[in-house]
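Participant: Quick one, structure for this:
(one chain, ligands or ions: 1)
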Amino acid sequence: MSFVKKEVNTTPIEDTVFAIVNKAKEAKAVHGAEHVVDATIGSLYDEEGKLVAFTSVFQPYDQIAKEQKAKYADSFTGNASFRQQVYEWVCQDVNLTLAHSVIATPGGSGAVAITFEDILDMHQTVVLPDIAWGSYALMASMHNLEVRKYTLFDGDHFHMESFKQACRETIEKQDKLLVVINDPCHNPTGYSLTIEEWKEIVAFLNECGEKVPVVLLNDIAYIDYSYDLGNSRCYLECFNDISDSVMAVIAFSCSKTLTSYGLRCGAAVLLAKQAEAVRSVEVVFEKTARATWSNIPNAAMDNFTAVTTVHREEYEREKQQHIDHLKQRSDIFVREANACGLPIYPYKEGFFVTVRVEDNALRDRYHEALMDHLIFTVKVNKGIRVAVCSLPIASCYGLAKRMKDILEGSK
Ligand SMILES: Cc1ncc(COP(=O)(O)O)c(C=O)c1O
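Facilitator: Residues are numbered from 1 along each chain as shown. Next up, the predicted model:
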């Protein structure tokens with residue numbers, strides 16, 4: 001007997017991250033924190049080992065009147081000021097000539113989930129990278145979608161051929177193409193596509209668009225931690241070249257941008273050549289929003305707008321200090337990895353560096369061996385994720401060489 005619907009995967013979530021986070025905690029209690037490398041936590045932590053919660057974000061939040069916090073949002077698609085400001089923030093100086101709309105969602109997760117749910121029919125296939133944020137596959141499974149994975153890297157750059165092959169195979173068997181590109185600051189490898197790669201992707205999706213409607217889901221969760229912030233949006237200009245048959249949905253997350261993971265706020269930015277195309281998706285997204293989460297926390301939306309306008313200077317100054325830390329941490333780890341020959345995926349920027357271990361059986365042995373040496377990391381497909389976002393600078397020194405030696409010992 002089952003109380004849940006038939007077509008649902010009933011295997012419990014295996015939360016590999018939390019299990020290892022706890023192991024690291026236990027190891028610190030037994031061996032002393034100074035002897036443990038804890039590279040498990042995927043949120044931004046400061047040099048003192050504390051979760052970062054920007055003062056420039058939470059002071060204004062605390063000053064919002066309680067009635068404003070208590071109130072429902074203005075509409076199911078979000079507050080008008082928030083929708084406008086998300087668009088301004090996402091595009092910044094880029095001159096987009098496309099029709100657009102913004103739908104407020106509970107974090108970037110909501111934007112990704114709503115796109116999976118409303119773009120594809122049951123049992124259709126979504127195209128994902130083989131190394132990716134785990135929730136994509138879970139969301140696909142919960143909406144009864146199949147997954148076709150492309151190999152993310154060919155050496156040290158994007159595997160264009162594998163991407164194209166995955167798309168070609170998918171449009172041979174179905175009347176729609178939905179592809180996910182998590183860029184810039186890819187989770188968990190820290191890769192960012194070049195403008196040339198983006199141009200080629202857009203040109204190829206236009207080709208696919210000659211056969212079927214195409215939706216490009218660009219997950220930009222970590223964009224505001226780019227090392228070259230001033231140019232982090234430049235690639236969006238390539239989107240101006242999408243054809244009438246292609247739509248871009250940008251998944252934006254206030255969780256990362258504002259260090260406000262618990263406030264559950266984000267957005268789906270819809271972009272297309274034709275306003276009618278945007279409207280047709282907006283209508284369905286709005287209904288799904290109403291039917292699922294109804295509306296987004298009013299104060300979280302208002303605070304995003306205030307922080308990124310009135311308080312922008314303090315906010316950007318505060319965030320930049322942490323980007324500088326992130327850069328110092330990743331510079332040390334990557335430089336030392338290259339020096340000692342620890343294989344890593346092509347890191348450019350972002351919260352994580354990933355050690356390249358393509359054989360998952362070896363990866364499993366390696367992960368255990370690292371823990372025996374009190375180095376705690378998270379397993380990802382074909383690799384070991386090192387969360388430099390939470391690893392203090394001092395812990396980064398010497399880590400790559402230790403990891404390299406343990407890798408050799410695990411072979
Ligand atoms: C790649 C990626 N996309 C989206 C998200 C969404 O986060 P949230 O729903 O908190 O905005 C995350 C969070 O970890 C992520 O890593």
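
Participant: dump the residue contacts of the residue nearest to Glu210 when sequence neighbours are not counted.
Facilitator: Excluding the flanking residues, the one nearest Glu210 by CB to CB, 6 or more residues apart in numbering is Ser245, at 7.0 Å. Glycine gets a C-beta too; all of them are placed from N, C-alpha and C. If a contact means CB atoms under 8 Å, 6 or more residues apart in numbering, then Ser245 has 206, 209-210, 212-214 as its contacts.

Participant: do you know how far Ser245 is from the ligand?
Facilitator: According to CB to the nearest ligand atom, to the nearest Å, Ser245 and the ligand sit 26 Å apart.

Participant: for the contacts of Ser245, which one is nearest Ile131?
Facilitator: Lowest distance from Ile131 to the contacts of Ser245 (CB to CB) belongs to Val214, with 22.7 Å.

Participant: Got phi/psi on the closest one?
Facilitator: Dihedral angles of Val214 (phi, psi; degrees, to the nearest 10) stand at phi -120, psi 130.

Participant: Tabulate the contacts of Ser245 (CSV), appending secondary structure and neighbour count.
Facilitator: Shown next, in CSV, are the contacts of Ser245 (DSSP: H, G, I helix; E, B strand; the rest coil; neighbours: other CB atoms under 10 Å):
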residue, secondary structure, neighbour count
Asn206, helix, 16
Gly209, helix, 18
Glu210, coil, 10
Val212, coil, 15
Pro213, coil, 17
Val214, strand, 25
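
Participant: would you turn those residues into a markdown table with distance to Thr97 and pLDDT?
Facilitator: Listed next are those as a markdown table, based on distance: CB to CB, whole Å; pLDDT from 0 to 100:
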| residue | distance to Thr97 | pLDDT |
| --- | --- | --- |
| Asn206 | 15 | 98 |
| Gly209 | 17 | 98 |
| Glu210 | 21 | 98 |
| Val212 | 24 | 98 |
| Pro213 | 20 | 98 |
| Val214 | 19 | 98 |
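
Participant: Would you tell me whether the lowest-mean-pLDDT helix or strand in the chain gets close to the ligand?
Facilitator: Sorting the helices and strands of the chain by mean pLDDT, DSSP states H and E puts helix 16-31 at the bottom, at a mean of 92. No: contact of helix 16-31 with the ligand (CB under 6 Å from any ligand atom) is absent, the minimum separation being 9.9 Å.

Participant: any idea how far the helix or strand that that helix is followed by is from the chain center?
Facilitator: Next helix or strand after helix 16-31 toward the C-terminus (DSSP states H and E): strand 37-38. Centroid separation for strand 37-38 versus its chain: 23 Å, with CA atoms, centre = their mean, to the nearest Å.

Participant: list the helices and strands strand 37-38 packs on?
Facilitator: Contact partners of strand 37-38 among helices and strands, from 3 or more CB pairs under 8 Å, 6 or more residues apart in numbering; DSSP states H and E: helix 16-31, strand 375-376.

Participant: Please name the residues that touch whichever residue of the chain sits closest to the ligand.
Facilitator: Relative to the ligand, the nearest point of the chain is Gly107 (2.5 Å; CB to the nearest ligand atom). Residues in contact with Gly107 (CB under 8 Å, 6+ apart) are 253-255, 261, 264-266.
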